[in-house]
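Okay, sequence plus prediction incoming.
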Amino acid sequence: MAPSNVSYQKVSLKYGIFVGIAHVLFFLLMRVLGFSNAIELSFISGIFLVIGICVALANFKKAKGGMINYFQGLAIGATVGVVSSTILALFLVLYVTTIDTAYLANLQASALFPESISVLALFALTIVYGSWPGFWLAFIAMQWFKKPQHTMSNDKV
């Protein structure tokens, strides 16, 4: 199979959007179920980032005929992290300024955020909290995906 012209930017943007939507939906589900004040539970959504990065790497590798450049893999993970966390950050800014203004006070009371956190700081911290893990998760996942014989599907490459 000849490598296609799929770029790592397109793949990482696509899966970053998917993961960002999953983060927002998980946040809304937590609110509906009454767990929105349990800030610690929001870190469970990191599972979406792990899945999104692994699927993005697998699809990019498959589109490239079974070969993936190590640095492209790292870039995919970092970009998925930045895009998904930016979507969540934009949603949170909208949420705390229009829907539930008391939520910011709950974050301030949490030990996970500074007492004087502002909306701008919430925006920036959300992006940072998603970007660095994206890079590190890609670094870990690339230990598997960098080898030609390792794939996530049963397809022979």
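Cool, got the structure.

Tell me the spacing between residue 121 and residue 140.
29 Å (CB to CB, to the nearest Å). To be clear about C-beta, it is placed using only N, CA and C from the backbone, and glycine gets the same treatment.

for this structure, what helix or strand is lowest in average pLDDT?
For the chain, the helix or strand with the lowest mean confidence is helix 103-109, at a mean of 75 (criterion: mean pLDDT, DSSP states H and E).

Show me what that one is packed against.
With contacts taken as 3 or more CB pairs under 8 Å, 6 or more residues apart in numbering; DSSP states H and E, helix 103-109 sits against helix 119-145.

For residue 41, which non-adjacent residue is spatially closest?
Counting by CB to CB, 6 or more residues apart in numbering, the nearest residue to residue 41 once its immediate chain neighbours are dropped is residue 35, at 5.4 Å.

count of residues packed around that neighbour?
Other residues lying near residue 35 total 15 when counted by other CB atoms under 10 Å.

Regarding it, what is its secondary structure?
Assigned with DSSP: H, G, I helix; E, B strand; the rest coil, residue 35 falls in the coil class.

Now do the phi/psi pair for it.
When read as degrees, to the nearest 10, the backbone of residue 35 gives phi -100, psi 10.

Tell me the confidence at it?
Reading off the confidence values, residue 35 has pLDDT 82.
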